[in-house]
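>>> return atomic coordinates for the entry below.
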Amino acid sequence: MFKSFPTPLTVIFIVILVCALATWLVPAGQYSTLAYDNNTFLITDPSGKVSGIAASQNVLDSLSVPIQLEKFTNNEITRAVTIPGTYIPTGRNPRGLIAIIQAPLKGIYDTVDIILFVLMIGGFIRVFNETGILEKGTRLLTERFRGREKWLIIILSLLMAAGGTTFGLAEETITFYPILVPVLVAAGYDLLVPLAVIFVGAHIGNMAATINPFSVIIASNAAGVNWTTGLTLRLIMLASAMVVSLVYIIRYAERVRKNPKTSLVHRLEPEVKNHFELIETGTTKIDLRSKLMLVVFGLTFVMLVFGVVRLHWWMTEMSALFLGSAIVSAFLLRMSEKKFVKSFVEGAAELIGVAMVIGFARGVTIILQEGNIIDTILFHLTDMVSGVPHGIFVIGLLVVFFVLALLISSTSGLAVVTMPIIGALAIAIGVSGDTVVNAYLFGAGLMYLISPTELILPSLAMVNLNYNTWIRFVTPLMGWLFLLSCVMLLLDLWVI
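Modelled structure (predicted):
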């Protein structure tokens, strides 16, 4: 049917079809859930019936929910959590043709905040670079690191990892492709190298999250443990995983630079074109206005990090930041109103494809939720790893979270759905909650490197590469990271 590997949108639609088929084959079932609202616990059973009961620690203990009451009252947990031991089969709700067609559209509605963020980034980048200032800045960076390109890879990867491990750098990585792709391509690398530097770097940070509020803190709260308990192991994992990843990326990058024919891009996608403007070498001089614009550009990203970490910004605030920065840039460049609007719209239009990939990907989760099979899969996976020796149990958890992360693309959503059940199961057999949290981070982190429902497809769309090229590149690295994760979990269980 396909003469070449399908595009990201087609890949996602194929996944939606497979998930829709699963709703016809996998038995439906649901757990009861518990949500907190104004000193009351609202318990929703699989039939949809809601009952209210005064919130107290005794209620949580009686339901075997391993979470302290203050986690709800302090708004540290705001989503409904799953109640262990309440799974029951329910009537099937298979998804047909209409649901399949609607799923990507519902996904776009569900991710409209992220989509707007991406479009604002596109508009900002185009306005800012209207006079080639960004090109001058990246050319200067290239000249400064000429002959030391490996250090550029190391520094940029570590910065991405720092963002991932602290404030959950994820969707924000979209902003870095227009900046860093020309720099690394000009250094003699192929398009996979900047993709790996940005995407792998950020995901290793998320995989070994230290203070990331969207993963480790929510997961620890839902598992009933202090988020600092497993911090030592996660720091060791962060350092070890970064060393493994950097060695892998640099070896590939240097091999490609010495012999471009060894590039996976050259072998698998010889027709692919770099759609970012290539940087010409030569001495670069930056005038005063360009320096001022680069300061504005840098301050925008400083504000982005500060806003997310300290002011708890999310998509609306971040989108407003890039829109405001675009307006400031246009003012400093003395652009006319018509030219500004035209440039901004054209920049946003260039990322429409990326935005649609994000929306379509959410449609996968919607199909699974509407088909009521996510809880069934969770029930049977946890049943498979119960009653086994502790060492096998923690490795089994790694695999369980790896599978579940494909079905639930949100780190916080995965945590509140799974942690009460698996946390209670771990306590019952004598495994600490922090080990469960680490298994969740490592397993989900591995899956999110390749999951078509996560950010890899929008990232591939940014650099104009196909999914199969990425899979060929990242699979060996995932093997090493899986082995490292197993070693770390066993150390956590028996040593640390």
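>>> which residue is the nearest non-sequential neighbour of Arg362?
If the residues on either side of it in the chain are set aside, Arg362 comes closest to Gly107, at 3.4 Å by CB to CB, 6 or more residues apart in numbering. Every residue, glycine included, has its C-beta placed from N, CA and C.
>>> for the one you found, helix, strand, or coil?
State at Gly107, reduced to three classes by DSSP: H, G, I helix; E, B strand; the rest coil: helix.
>>> OK, contacts around it?
For Gly107, the residues meeting the contact criterion (CB atoms under 8 Å, 6 or more residues apart in numbering) are 359-366.
>>> would you format these as JSON lines with secondary structure included?
Shown next, in JSON lines, are the contacts of Gly107 (three-state DSSP):
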{"residue": "Gly359", "secondary structure": "helix"}
{"residue": "Phe360", "secondary structure": "helix"}
{"residue": "Ala361", "secondary structure": "helix"}
{"residue": "Arg362", "secondary structure": "helix"}
{"residue": "Gly363", "secondary structure": "helix"}
{"residue": "Val364", "secondary structure": "helix"}
{"residue": "Thr365", "secondary structure": "helix"}
{"residue": "Ile366", "secondary structure": "helix"}
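>>> which of these lies closest to Lys258?
Compare each of these with Lys258 using CB to CB and the shortest gap goes to Ala361, at 36.3 Å.
>>> for that closest one, what are its contacts?
Listed by CB under 8 Å, 6+ apart, the contact partners of Ala361 are 12, 107, 409, 452-454, 457-458.
>>> is Thr33 bridged to anything, and to what?
On the basis of DSSP bridges, Thr33 takes part in beta bridges with Thr44, Thr82.
>>> what's the span of stretch 41-52, first residue to last?
By CA to CA, to the nearest Å, the extent of stretch 41-52 from end to end equals 6 Å.
>>> mean confidence score for that stretch?
Regarding stretch 41-52, the rounded mean pLDDT is 91.
>>> Arg472 - how many residues pack around it?
By other CB atoms under 10 Å, 14 other residues sit near Arg472.
>>> next up, the contacts around the spatially closest residue to it that is not a sequence neighbour.
With CB to CB, 6+ apart as the measure, Leu264 is the residue that lies nearest to Arg472, at 5.5 Å, once sequence neighbours are left out. Residues in contact with Leu264, defined by CB under 8 Å, 6+ apart, are 190, 192, 469, 472-473.
>>> 10 Å instead?
Applying CB atoms under 10 Å, 6 or more residues apart in numbering, we find Leu264 in contact with 190-192, 252, 256, 465, 468-473.
>>> same thing with Ser451?
Applying CB under 10 Å, 6+ apart, the residues contacting Ser451 are 15, 361, 364, 402, 405-409, 444, 457.
>>> by contact count, what packs against the one helix or strand Ser220 maps to?
Counting by DSSP states H and E, the element that carries Ser220 is helix 218-223. Packing partners of helix 218-223 (3 or more CB pairs under 10 Å, 6 or more residues apart in numbering; DSSP states H and E): helix 69-73, strand 81-82, helix 411-429, helix 433-448.
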